[in-house]
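Visitor: Here you go, sequence then predicted model.
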Amino acid sequence: MTGRPATLVLAAHGTRSAAGESTLSALAETVRRARPGHRVELSYLEISSPLLSDVLPAVRGPVVVVPLLLAGGYHAHIDLPEVIASRRPDAVVAGWLGPHRLLTSALARKLARAGLRATDAVLLGAAGSSDPSALADVRAAAHRLAVRLARPVTAAFASAGSPSLEEAMERLGSTPAARVAIASYVLAPGHFHDRLASAGAGLVSDPLGPDPDVAALIWHRYDTALAGRHPLAPRSPGLHQASL
């Protein structure tokens, strides 16, 4: 790809939360400010608008799609490749975001801002998935956070996945920890963050949102995808591994 920079198209899942859409728009703006002169478009796989299937054909010139997904799973392996194949087969597709040290930094910072104590037991609260590889991505992110915080961190899932959020809270309730802190492993407010907030923890950090480290990671995924120029194929989990 030569000439003008490839357009960065952000592909989020979609949400019925107005606050969630506003947060994702703010993240897109943070990404734009990080590299003036690059065109950045926010799109969604479903529910919200504009849809990725509508944005891709409207963009002229080279395109790099970065999935705003924290783990693999159905949307990364099936939905996204199908849209690319049908609407913009020449697009270069980056790996999903997590796990990565920049996300770890953002999580640790948000926990600190929320008032994390040295005696708190920590959960990494994620949406969940029926895909074992997606759950493995989240558990790897929990391990990275545990290393950063120098204490155990348990991955817990608000939907599919084990342990469930409720199971993890019950287990930690029987430990000597003074309280439970949940690191919110979601990008924006919405259904899943609401589940974390209502789980009864002593504190819940804010969603990752328009964090500068998240924006830096998005550009890292963009650069890595351009360097490799690999289209994302269904069930191709290795794309993101080289750039962790």
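Guide: Happy to help now that I have it.
Visitor: And the helices in this structure?
Guide: Assigned helices in the chain, in chain order: 18-34, 52-58, 74, 80-87, 101-114, 132-149, 165-173, 191-197, 212-228 (criterion: DSSP state H).
Visitor: contacting residues around the residue most central in space within the chain?
Guide: Residue closest to the mean C-alpha point of the chain, counted by Cα atoms, centre = their mean, is Leu70 at 2.7 Å. By Cβ atoms under 8 Å, 6 or more residues apart in numbering, the contact set of Leu70 is Trp96, Leu97, Gly98, Leu103, Ala126, Asp137, Val138, Ala141, Tyr185, Val186, Leu187, Leu208. All C-beta spots, glycine's among them, are computed from the backbone N, C-alpha and C.
Visitor: Could you dump the residues you listed into a markdown table with distance to Thr30 added?
Guide: A markdown table is the format used below for the contacts of Leu70 (distance: Cβ to Cβ, whole Å):
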| residue | distance to Thr30 |
| --- | --- |
| Trp96 | 18 |
| Leu97 | 14 |
| Gly98 | 18 |
| Leu103 | 15 |
| Ala126 | 22 |
| Asp137 | 23 |
| Val138 | 23 |
| Ala141 | 21 |
| Tyr185 | 19 |
| Val186 | 17 |
| Leu187 | 12 |
| Leu208 | 11 |
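Visitor: So in the chain, where's the weakest helix or strand by average pLDDT?
Guide: Sorting the helices and strands of the chain by mean pLDDT, DSSP states H and E puts helix 74 at the bottom, at a mean of 74.
Visitor: Which residues outside that one are in contact with it?
Guide: Identification of contacts with helix 74 by Cβ under 8 Å, 6+ apart yields Ser129, Ser130, Asp131.
Visitor: mind checking how far that helix is from the chain centre?
Guide: 14 Å (Cα atoms, centre = their mean, to the nearest Å).
Visitor: Output the below-cut-off pLDDT ranges for the chain.
Guide: Counting by pLDDT under 70, the chain has low-confidence residues at 1-3, 177, 229-244.
Visitor: who's sitting farthest from the centroid in this structure?
Guide: Computed with Cα atoms, centre = their mean, the maximum C-alpha offset from the centroid of the chain is found at Pro176, amounting to 31.6 Å.
Visitor: Return the distance of it relative to Leu123.
Guide: As judged by Cβ to Cβ, to the nearest Å, Pro176 and Leu123 stand 16 Å apart.
Visitor: Same question for Leu52.
Guide: Per Cβ to Cβ, Leu52 is found 31 Å from Leu123.
Visitor: same thing with Ala106?
Guide: In terms of Cβ to Cβ, Ala106 sits 17 Å off from Leu123.
Visitor: The two: who's more crowded?
Guide: Between Ala106 and Leu123, Leu123 has the larger neighbour count (other Cβ atoms under 10 Å), namely 28 against 23.
Visitor: Show me what the more buried one is bridged to.
Guide: Listed beta-bridge partners, Leu123: Thr154, Ile182 (assigned using DSSP bridges).
Visitor: for it, what are its contacts?
Guide: 153-156, 165, 168-169, 172, 180-183, 201.
Visitor: Using the neighbour-count criterion, name the buried positions in stretch 163-176.
Guide: Across stretch 163-176, burial judged by 16 or more other Cβ atoms under 10 Å covers Leu165, Ala168, Met169, Leu172.
Visitor: before we move on, what about stretch 146-164?
Guide: For stretch 146-164, a neighbour-count test (16+ other Cβ under 10 Å) marks Ala146, Leu149, Val153, Thr154, Ala155, Ala156, Phe157, Ala158, Gly161 as buried.
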